[in-house]
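S.K.: Dropping a prediction and its sequence here:
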Amino acid sequence: MTLRDLGWNDDFEKAFNEASKDSWVPGRLIRETKINFSALLDDAEEVDCVVGGKVWHDASCDAELPAVGDWVAIELGAGENDEHIIRARFPRKTCFSRKAPGKSSEEQVMAANVDIVVVMTDAGSDFNLRRMERYFTIIQKSGARCVVLVNKSDLFEVEVNEKAREEIQELAPDSEVYVTSATRHEGLEVLKSYLKTGVTLTLVGSSGVGKSTLVNQLLGEEWLWTGEVNEVTGKGRHTTVARELVVLEAGGMLVDNPGIREVQMWTDEDTLRDSFADVEELTKRCKYRDCKHQGDKGCAIETAVKAGDLDLARYEGFLRLDEEIEELNFRRKKRQMIVERWSKRNNRVKARNRDDRIELEKEERGEL
């Protein structure tokens, strides 16, 4: 297995040649623990490595630190007990991110350098078009291709599965949407058709929608421990708990993600507008440029909703996402202000300590 089989390309090679030194080698990060990473090198050699000091200091936020899927330059330790150190992270061709869960304003990288993001849902309790809108928005922002699997088709009527597929397809016409049943191995060949040599794919979706079962089938073994399905919640137990990039024997790579309970936005206003192009087009027809779309005279949005041309739930989803982005931008600016304020304070303290030290040295030399 060569670097090209792992997704290496001319852009990564150029970045490596510009940054590398004699003792450095390129590698792709396949696993992250609390203390280190595992990386695959040329000829499928796997090594454990730690992040170098310069990489830590050069990163302005956690999202700029190495993540699973990243290509990095590694300085191999000379001795048997010497650590292998990540000396550089190369620019990503795609970056699938969300806002970190909770009240944080930080970006959380779910997978780096992925070509295809597969969203798994079902036609039952997990089916939620507003959540799918969020997925589509952040996938579009990432630069990756989007595929959707409406899984667990064996649990629902054909008409229910098809209705869910059609509604998702209408929501994202550029995506490929399939109805599958992981337990019956239906649609597995469709997924395999995307996994070519050098292609990286990641699976996302709520816990219990069948991701681990599908991964097991792709690997041909019980790689991930799947548990029984809870009869009350319909969710699986003992599923994926950590991200890992797995190289598939038939070609391609898979990054499996832990179940995502909340999909908070990590994007910008332009991407949001592109994802809701139909709503954005209607806003241009409003009588007033500053229309709030909440009872304003001549509002094209309200006219479209009343006429049945725009789904009210979709527009309400657009407003909620817009509010989230505005809140996220506010938190970002607030955090930046705090960081800058602490930086100025620390610089003043350092300068005062330096002056005190100079005065003390002068006094010791009898110059004062």
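M.R.: Looks like it arrived, so ask away. Numbers count the residues shown, from 1 in each chain.

S.K.: Please count neighbours and contacts with C-alpha atoms only from this point.
M.R.: Fine.

S.K.: what pLDDT, on average, does the longest strand anywhere in the chain get?
M.R.: Longest strand in the chain, counting residues (DSSP state E): strand 24-32. Averaged across strand 24-32, the pLDDT comes to 93.

S.K.: what does stretch 88-99 give?
M.R.: 90.

S.K.: Report the buried residues of it.
M.R.: 88-91, 94-99 (16 or more other C-alpha atoms under 10 Å).

S.K.: same thing with stretch 309-320?
M.R.: Going by 16+ other C-alpha under 10 Å, stretch 309-320 has these buried residues: 310, 314-315, 317-318.

S.K.: domain assignment for this structure?
M.R.: 4-89, 95-256, 268-368 (automatic domain parsing).

S.K.: deepest of the ones you listed, which one?
M.R.: Highest mean neighbour count among those (mean count of other C-alpha atoms under 10 Å): domain 95-256, with a mean of 18.

S.K.: my guess is Ala172 meets Tyr135, correct?
M.R.: No. Contact criterion C-alpha atoms under 8 Å: Ala172 and Tyr135 do not qualify, at 10.3 Å.

S.K.: in the stretch 101-250 of the chain, which spans are helices?
M.R.: 129-142, 158-171, 188-192, 211-219 (DSSP state H, counting those that start in this stretch).

S.K.: Just the CA trace of the helix or strand just after the longest strand of the chain, in PDB.
M.R.: The helix or strand immediately downstream of strand 24-32 is strand 37-40, counting by DSSP states H and E. The C-alpha coordinates for strand 37-40 follow below in PDB (Å, rounded to 0.1, in the frame of the first residue of the first chain):
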ATOM      1  CA  PHE A  37      -2.100   9.900  17.400                       C
ATOM      2  CA  SER A  38      -1.500   6.900  15.200                       C
ATOM      3  CA  ALA A  39      -0.400   7.500  11.600                       C
ATOM      4  CA  LEU A  40       0.100   5.400   8.400                       C
END
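
S.K.: Ala164 and His293, how far apart?
M.R.: Going from Ala164 to His293 by C-alpha to C-alpha, to the nearest Å gives 29 Å.

S.K.: Equivalent analysis for Ser97, please.
M.R.: In terms of C-alpha to C-alpha, Ser97 sits 30 Å off from His293.

S.K.: gap between stretch 9-16 and the chain center?
M.R.: 22 Å (C-alpha atoms, centre = their mean, to the nearest Å).

S.K.: What are the contacting residues of it?
M.R.: 26, 71, 73, 90-91 (C-alpha atoms under 8 Å, 6 or more residues apart in numbering).

S.K.: Now with 7 Å, please.
M.R.: 73, 90 (C-alpha atoms under 7 Å, 6 or more residues apart in numbering).

S.K.: for Asn36, phi and psi?
M.R.: phi -160, psi -170 (degrees, to the nearest 10).

S.K.: Look up the pLDDT of it for me, please.
M.R.: pLDDT, Asn36: 88.

S.K.: same deal with Phe12?
M.R.: pLDDT, Phe12: 95.

S.K.: Centre of the chain to the helix or strand harbouring it, how far?
M.R.: Secondary structure assigned from DSSP H and E places Phe12 in helix 10-19. Its chain's C-alpha centre lies 24 Å from the corresponding centre of helix 10-19 when counted by C-alpha atoms, centre = their mean.

S.K.: would you put the C-alpha positions of that helix in CSV?
M.R.: Written as CSV, here are the backbone C-alpha positions of helix 10-19 (Å, rounded to 0.1, in the frame of the first residue of the first chain):
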residue,chain,number,x,y,z
ASP,A,10,0.4,16.5,-5.8
ASP,A,11,-0.8,19.3,-3.5
PHE,A,12,0.2,17.4,-0.4
GLU,A,13,3.5,16.4,-2.0
LYS,A,14,4.3,20.1,-2.8
ALA,A,15,3.4,21.1,0.8
PHE,A,16,5.7,18.4,2.1
ASN,A,17,8.6,19.3,-0.1
GLU,A,18,8.3,22.9,1.0
ALA,A,19,8.3,22.1,4.7
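
S.K.: now that helix against strand 24-32, angle please.
M.R.: Per axes from the mean of the first three to the mean of the last three C-alpha atoms, to 10 degrees, the angle that helix 10-19 makes with strand 24-32 is 120 degrees.

S.K.: Can I get the buried residues of stretch 309-320 in TSV including pLDDT?
M.R.: Formatted as TSV, these follow (pLDDT from 0 to 100):
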residue	pLDDT
Leu310	82
Arg314	75
Tyr315	77
Gly317	72
Phe318	72
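
S.K.: Could you export those residues as JSON lines, including distance to Gln140 and secondary structure?
M.R.: Shown next, in JSON lines, are the buried residues of stretch 309-320 (distance: C-alpha to C-alpha, whole Å; DSSP: H, G, I helix; E, B strand; the rest coil):
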{"residue": "Leu310", "distance to Gln140": "22", "secondary structure": "coil"}
{"residue": "Arg314", "distance to Gln140": "18", "secondary structure": "helix"}
{"residue": "Tyr315", "distance to Gln140": "19", "secondary structure": "helix"}
{"residue": "Gly317", "distance to Gln140": "17", "secondary structure": "helix"}
{"residue": "Phe318", "distance to Gln140": "15", "secondary structure": "helix"}
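
S.K.: Closest to Val158 out of those?
M.R.: Of all the buried residues of stretch 309-320, Arg314 has the smallest distance to Val158: 25.0 Å, by C-alpha to C-alpha.
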